[in-house]
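1. A structural model of the following input is requested.
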Amino acid sequence: MSQAELAADFEGKKGKKRTEYILDVDSHGACSRTASLNWLALEVGAVRREAGGPKHCLHRGNKVVTREQLSRDLCYNKEMNSNLRYCDEHYKNTYPCAPGVAYYDRGALPIYWNYNYGEAGKDLKVDLLNHPEYIEQNATLAFQVAIWRWMTPIKEHQPSAHEVFIGTWTPTKNDNLAKRVSGFGATMNVLYEDLICGHGDNESMNSIISHYLYYLDLMGVGREEVGPHEILSCAKQVAFNPSVSSSP
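-> Residues are numbered from 1 along each chain as shown. Here you go, the predicted structure:
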């Protein structure tokens with residue numbers, strides 16, 4: 001897939017362009033520290049898939065999603081129907097919630113809660129704790145946050161999506177019992193947890209997988225490179241952070 005094709009693919013809605021992302025990806029060199037160009041293409045495809053697709057579109061709101069939007073993937077730049085603030089007072093001393101501010105999902109990859117906005121803002125040197133709306137207003141920042149989410153564990157002592165994808169994460173005995181293995185399926189577990197994973201074959205998960213394979217086709221990477229279906233899928237994986245907890 002050429003840079004021109006990628007740039008066209010990332011032309012944003014609402015008059016905002018996402019071509020900046022193509023140049024921005026290279027500034028996050030950690031994503032490219034893999035053994036071969038094929039591995040780099042596999043990971044770019046994975047990030048691209050997680051940043052769009054039917055799950056990304058349908059999870060964010062109750063508006064009708066058009067076929068054109070689904071074909072272009074990036075339907076919304078924020079969660080459309082949330083009445084929750086996602087303010088965890090446990091972090092009031094480190095990442096206090098700003099008055100009247102809600103920390104719902106914004107950007108190209110899911111980011112929730114005041115502590116995640118605080119951590120991302122600290123690493124990217126942007127005041128996202130007081131101004132999370134910056135993610136909605138700046139396409140480059142939205143994808144910087146997406147790469148940050150990809151590279152950063154949701155919680156301490158857990159792997160990032162990057163680590164489970166490239167296989168630098170070593171599953172523990174508990175991970176093995178929970179059927180969590182390195183691969184694309186585990187990235188869905190890290191990012192979406194039991195919204196997607198642990199429910200057997202389901203439409204949302206299968207849509208994510210099919211879109212991932214589609215992007216690999218566009219980049220000329222053979223589907224055999226991704227490994228067997230159990231690596232692609234998280235159908236039997238127990239979520240790293242089940243939704244019964246108070247935060248993701």
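2. and the helices in the chain?
-> Under the criterion DSSP state H, the chain contains helices at 3-9, 20-25, 37-50, 54-59, 67-72, 114-124, 134-137, 139-151, 161-166, 173-177, 184-192, 203-218, 229-232.
3. report how many residues lie close to residue 90.
-> Number of residues near residue 90 (other Cβ atoms under 10 Å) recorded here: 12. For glycine as for every other residue, the C-beta is placed from the backbone atoms N, C-alpha and C.
4. now it: how far from residue 113?
-> 10 Å (Cβ to Cβ, to the nearest Å).
5. do residue 199 as well
-> According to Cβ to Cβ, residue 199 and residue 113 sit 23 Å apart.
6. higher neighbour count, those two?
-> Set residue 199 next to residue 113 and count neighbours by other Cβ under 10 Å: residue 113 wins out with 23 against 14.
7. now do the more buried one against residue 84, distance only.
-> As for residue 113, its distance to residue 84 is 10 Å (criterion: Cβ to Cβ).
8. can you check residue 146 too?
-> 21 Å.
9. comparing those two, which residue is more hemmed in?
-> Shown here are residue 146 and residue 84; by other Cβ under 10 Å, residue 146 has more neighbours (25 against 11).
10. correct me, but that one touches residue 109?
-> Yes. Residue 146 is in contact with residue 109 according to Cβ atoms under 8 Å; the separation is 4.1 Å.
11. residue 138: neighbouring residues, count only.
-> The tally of other residues near residue 138 (other Cβ under 10 Å) stands at 17.
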